[in-house]
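Novice: can you look at this prediction? I've put the sequence above it.
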Amino acid sequence: AQKVTQAQTEISVVEKEDVTLDCVYETRDTTYYLFWYKQPPSGELVFLIRRNSFDEQNEISGRYSWNFQKSTSSFNFTITASQVVDSAVYFCALRRGETSGSRLTFGEGTQLTVNP
Amino acid sequence: EPEVTQTPSHQVTQMGQEVILRCVPISNHLYFYWYRQILGQKVEFLVSFYNNEISEKSEIFDDQFSVERPDGSNFTLKIRSTKLEDSAMYFCASFTGELFFGEGSRLTVL
């Protein structure tokens, strides 16, 4: 069975602080994909990143960075120099890789509030 | 950029009424999905659809739900007799290599 755990329900920071959102996953598959989505107050799901299980290289995109560690089954997301516009719910998700088109399993989400 | 479109963006209905949520997936995509998000909760998988039939469904997707792709473009989710607990945001998604979500349809059951 697939499971994603985001232990942090809510995080509140002050603008310009760095913040890390944790994600721990469980799967028996050797091939899988990990995702992060942002859900702003308007409600849509905004895709941020996809990572496959064979690529443990960390990724940086502007102020966003992701740390994938298979040894600890974690895929953490860091926002550097946070801004008020980063306020949103962030979801980590997992998909099996062996079966094309398989479902996404989402974590519970982390509500990030960035205060001015 | 290609996009998945959903209608309506918001629907209010009375308990017991039938509701149809519509989605236009990206044209060359092969897999289609419905996900549900009850307010304040996580996004949950409902059903996937491939080659004109359901390929996988969750335990949430019971007999009151149905999906179809009637005309080769629209992908619909029908809820036969709505209950209060069906109030949620419903997301359509389509996939061929990359997964794209629509903006969601908010259903409110009174």
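Specialist: Happy to help now that I have it.
Novice: need phi/psi at residue A:84.
Specialist: Torsion angles at residue A:84 (phi, psi; degrees, to the nearest 10) stand at phi -60, psi -40.
Novice: surely it touches residue A:114?
Specialist: Yes - under the criterion of C-beta atoms under 8 Å, residue A:84 makes contact with residue A:114 at 5.1 Å. To be clear about C-beta, it is placed using only N, CA and C from the backbone, and glycine gets the same treatment.
Novice: so which of the two has more stuff around it?
Specialist: residue A:114 (20 against 10; other C-beta atoms under 10 Å in any protein chain shown).
Novice: quick check: the more buried one vs chain B, distance?
Specialist: Residue A:114 is 19 Å from chain B, where distance means C-beta to the nearest C-beta, to the nearest Å.
Novice: and that residue, bridged to which residues?
Specialist: With DSSP bridges as the criterion, residue A:114 is bridged to residue A:13.
Novice: chain B: strands as residue ranges?
Specialist: B:5-7, B:10-13, B:19-24, B:31-37, B:44-50, B:53-57, B:65-68, B:75-79, B:88-96, B:98-101, B:105-109 (DSSP state E).
Novice: hmm, who's touching the longest one?
Specialist: Residues outside strand B:88-96 that contact it (C-beta atoms under 8 Å, 6 or more residues apart in numbering or on different chains): A:43, A:45, A:101, B:4, B:6, B:21, B:23, B:25-26, B:28-39, B:43, B:46, B:75, B:77, B:99-102, B:104-107.
Novice: interface residues of chain B facing chain A?
Specialist: Within chain B, the positions lying close to chain A (C-beta under 8 Å from any C-beta of the partner chain) are B:30-31, B:33, B:35, B:41-45, B:48, B:50, B:55-56, B:58, B:89, B:91, B:95, B:98-101, B:103-104, B:106.
Novice: just the buried members of the residues you listed?
Specialist: Among the residues of chain B next to chain A, those classed as buried by 16 or more other C-beta atoms under 10 Å in any protein chain shown are B:31, B:33, B:35, B:42-45, B:48, B:55-56, B:58, B:89, B:91, B:95, B:99-101, B:103-104, B:106.
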